[in-house]
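S.K.: after the sequence you'll find the predicted model.
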Amino acid sequence: MPPARATWMIGPAWDVAALAFGWLPFYLWLVVGLGLGAQAFGGAPLSKGELEAATAAAVLAALAISYVHRHYTFVVVYGDREVFSQRARAYWLAPALIVTILVLAKATAGLSPATVAGIKLSPWQIALFVTGAWNIWHTLQQRYGLLRIYAGKLGGGTERPEQARRDRALIWLATVSVAVALPLLRPQLLAGHVNARKAARVLAPLAEAWWAWALLAALVGAFGWVLLRWLQHELRPRRPPGSGRRGWR
């Protein structure tokens, strides 16, 4: 009789604490320590100065954690000759290109920025925006990768390409739904930074637009449908790999 397949990366306690709820201590620090969003739990709202200071501290801590952990990944690529040789040209050229672009952007930071929808944008600010967008992409794709790792360990059909498509659709529909819902339902969350406040003023008319609410309803509906289909395939009795029909059904 073959040994049972290990469906956890390390173990249930570690996986749940570190992977599923690893964000919880940081969130508790934001609410309890900094007071961000504490009014939702009965706490006193922050003043404008306190809100800006708390937001700055939260962003600084998040960026510090993000940038520190990345240095360990360099060892995986640049410290492994076999891995590095697979894409040596890209591993040399990509960092050089990115550093060059950032140096040029920083050098133009003092120039008069262009104004787009009431928001001043310089090349350096655009570089920061791209970095933020990359952080979002990287984080979501990381979650997708974790789902795929567990699917491969679990087997029984969850490792199939159609379930991978459901994984990706579930993650991105949830993200887009939150992005659309934020300026409609909680615009005050954009009050922590000067450019975020400008963006909030630009997006404010959306709260009065019927099509914005219709878009949100469509996105939430699509997310609910994909979630239902995802759960149906995740919770169904396991079947041997290679069996069963293919498709989204």
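M.R.: Alright, I've got the coordinates. Residues are numbered from 1 along each chain as shown.
S.K.: my guess is Ala6 meets Gly152, correct?
M.R.: No: using CB atoms under 8 Å, Ala6 makes no contact with Gly152, being 11.1 Å away. Where C-beta positions appear, they are placed from N, C-alpha and C, glycine not excepted.
S.K.: what about those two, which has more around it?
M.R.: Gly152 (12 against 9; other CB atoms under 10 Å).
S.K.: can I assume the more buried one is in contact with Glu159?
M.R.: Yes: if you go by CB under 8 Å, Gly152 and Glu159 touch, sitting 4.9 Å apart.
S.K.: number of nearby residues for Leu173?
M.R.: Using other CB under 10 Å, Leu173 is surrounded by 19 other residues.
S.K.: repeat that for Thr158.
M.R.: 23.
S.K.: now it. Nearest residue, chain neighbours left out?
M.R.: Once flanking residues are discounted, Thr158 sits nearest to Ala151: 4.1 Å by CB to CB, 6 or more residues apart in numbering.
S.K.: give me every residue that touches that neighbour.
M.R.: Residues counted as contacts of Ala151 (CB atoms under 8 Å, 6 or more residues apart in numbering) are Thr158, Glu159, Gln163, Ala164, Asp167.
S.K.: state the pair within those residues that is farthest apart.
M.R.: Glu159 and Asp167 (10.7 Å; CB to CB).
S.K.: okay, these two: which has more neighbours?
M.R.: Asp167 (22 against 16).
S.K.: measure that one to Leu146 for me?
M.R.: From Asp167 across to Leu146, the span is 10 Å (CB to CB, to the nearest Å).
S.K.: before we move on, the earlier item: quick check: neighbours shared by Glu159 and Asp167?
M.R.: By CB under 8 Å, 6+ apart, the residues touching both Glu159 and Asp167 are Arg148, Ala151.
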